[in-house]
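K.L.:
what's the 3D shape of this:
(2 chains)
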Amino acid sequence: MSDAKIYVDVKAKFSKDGKLTPTSIVWTDGREYEIQRVKDVCRAASLRAGGAGIRYTCIISGRESHLYYEDNNMWFVERR
Amino acid sequence: MGRTILHVDCNCFYASVELLHHPELRGKPVAVGGDPEARHGIVLTASYEAKHRGVKTGMALWQAKQACPEVIFLPPRMDLYLRFSRMANEIYAQYTDLVEPFGIDENWLDVTASAGIKGDGMTVAREISDRVKRELGITVSIGVSFNKILAKLGSDYKKPDAITGMREWEFREKAWPLPASDLLYVGRSTTAKLYKLGILTIGDLANAPEELLHAHLGKMGSILWVFANGYDDSPVKAENVHAPIKSIGNSTTTPRDLENDQDVKIVLYLLAESVGRRLRENGFRCRVVEVSVRDNELYCFTRQHKLDYATNATGEIAEEAYRIFLENYDWTKPIRSVGVRGSDLVNDNYWEQLDLFSSVERRERLRKMDAALDDIRRRFGFFAVQRGLMHCDKGLAGLDAREEHTVHPHGYFG
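P.N.:
As a prediction, this is how the structure comes out:
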């Protein structure tokens, strides 16, 4: 696996109409980062990290990041 | 009105999926196959970089290494490829319900009825190609035609990441100059026979008298003539009950030689657990159970048996495997390795006639038990719940089952 692909713990909200929205991620050092906003959700591949799944374009600490939900039920982000 | 048929072929499928997951290897010659540790096996798929340096599908690993010393071997991860194959199918399903798989990485799509909403064949092909690239990170080649045979020729025409039209007004110009061997079902021996008749290209085949082909090649001669002329009208089969792969199996070489029936039973059950779980994960059931045995002098044999009903229940697979074993082994020598395989796979669409005397309820209970066990193991790990049998010998029960697969497209006429 490439070192650009970081699996993370994620807290998420499941709405009653079936929407899954991640609310925060826990970085490898244990710090938790709140997801301020999800700008976009679509299926996409990450060529940089190496993987594919549902891509959440998130605003974390004021910056845009991509969070991917793979269909093996794991979440990963691309290392900057 | 003519039909619009697409043939979508994922380029170097296994290698492409691996390269997506290994960014550090992109641009290097990579081959998926075999077991590099054990130094045996064959190349299942080679990346374009490897192909350009002479690595071919089906080569033994040592041959591939000889052709291209810097080739990097990756062990196959079939379950990952099946996942990607399913994701690709989900995309196709948004354009038509008529999708027929031909192996794990090729599909025919009949998009005739989608024209009003999604546009003509070329438009749909471009959209599918873009989406697969963006959403799965791999490339496809697509052939656009009015029948399956020419659509497949189209997808082979230009690779990778290409779209080729083989429509009524252009197929003669594009397909006829191609060598006859490019046509589906023209293999080495047919090519040789055609060569003797002076038929080298698909165009030669199309313009040859049908009677001549029939006289020399029998029924197949007429079929090939139909193919070459673009007269094939076989439908894209929506109700496809075949799984995209042929079998799922697990085998293991045990830490100590197996010496009695109970030893074998433990290992067979363990292997059946894994085979059953993987069948269930992928929504497959098997109609044949196969057992392979290798004794400590490396003599080996396989025996198989057709089941009355398609199954993916661990218990049924294990029972059958154990029964086959008892019937076929006389214990002249201890056993070194065993394997269990489920083959003749069908998918969730498969239906069968029940009879009055089999217990549907018992099978339903087995199904529920497996679902519960799968769930427990998914959450708490494989060893969270075990069969009582496994406690008879902890050493054997702790074995790691090794995955094996055979993947071949099913026949065109199947």
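K.L.:
per-residue confidence at the residue nearest in space to the middle of chain A?
P.N.:
Centroid check for chain A by C-alpha atoms, centre = their mean gives residue A:67 as the closest residue, at 2.1 Å. For residue A:67, the pLDDT comes out at 95.
K.L.:
list the contacts of the residue of the stretch 1-150 of chain B found nearest chain A.
P.N.:
Proximity of the stretch 1-150 of chain B to chain A (C-beta to the nearest C-beta) peaks at residue B:137, 2.8 Å away. Bear in mind the C-beta positions are built from the backbone N, C-alpha and C, glycine included. Residue B:137 sits next to A:45, A:46, A:47, A:51, A:52, B:20 when contact means C-beta atoms under 8 Å, 6 or more residues apart in numbering or on different chains.
K.L.:
phi first, then psi, for the nearest residue to the third one once chain neighbours are set aside.
P.N.:
Across the structure, with C-beta to C-beta, 6 or more residues apart in numbering or on different chains as the measure, the residue nearest residue A:47 apart from its sequence neighbours is residue B:137 (5.7 Å). Recorded main-chain torsions at residue B:137 are phi 70, psi 20, according to degrees, to the nearest 10.
K.L.:
still on that earlier bit, of the contacts of residue B:137, which belong to helices?
P.N.:
Among the contacts of residue B:137, DSSP state H puts residue B:20 in helices.
K.L.:
contacts only, for the residue in chain A positioned nearest to chain B.
P.N.:
The nearest approach of chain A to chain B comes at residue A:45, 2.8 Å away (C-beta to the nearest C-beta). Counting by C-beta under 8 Å, 6+ apart, residue A:45 touches A:51, A:52, B:20, B:133, B:134, B:135, B:136, B:137, B:138.
K.L.:
I'd like the distance between the residue of the stretch 151-300 of chain B found nearest chain A and residue B:377.
P.N.:
Closest residue of the stretch 151-300 of chain B to chain A, C-beta to the nearest C-beta: residue B:281 (10.6 Å). Separation of residue B:281 from residue B:377 (C-beta to C-beta, to the nearest Å): 11 Å.
K.L.:
before we move on, what about residue B:267?
P.N.:
Look at residue B:267 and residue B:377: by C-beta to C-beta, they are 19 Å apart.
K.L.:
state the distance from whichever residue of the stretch 251-400 of chain B sits closest to chain A to residue B:44.
P.N.:
At 9.0 Å from chain A, residue B:378 is the closest residue in the stretch 251-400 of chain B, using C-beta to the nearest C-beta. Counting by C-beta to C-beta, the separation of residue B:378 from residue B:44 is 28 Å.
K.L.:
likewise for residue B:216?
P.N.:
Counting by C-beta to C-beta, the gap from residue B:216 to residue B:44 is 35 Å.
K.L.:
now residue B:95
P.N.:
For residue B:95 relative to residue B:44 (C-beta to C-beta), the value is 29 Å.
K.L.:
repeat for residue B:29
P.N.:
15 Å.
K.L.:
higher neighbour count, those two?
P.N.:
residue B:29 (23 against 20; other C-beta atoms under 10 Å in any protein chain shown).
K.L.:
residues touching the more buried one, list them.
P.N.:
Going by C-beta under 8 Å, 6+ apart, residue B:29 touches B:46, B:47, B:49, B:50, B:52, B:53, B:55, B:68, B:70, B:71, B:72.
K.L.:
just those: which are in strands?
P.N.:
Applying DSSP state E to the contacts of residue B:29, the entries found in strands are B:46, B:72.
K.L.:
may I ask which of the contacts of residue B:29 has the most neighbours?
P.N.:
Going by other C-beta under 10 Å, residue B:46 tops the contacts of residue B:29 with 28 neighbours.
K.L.:
correct me if wrong: that residue contacts residue B:61.
P.N.:
No - contact criterion C-beta atoms under 8 Å: residue B:46 and residue B:61 do not qualify, at 11.3 Å.
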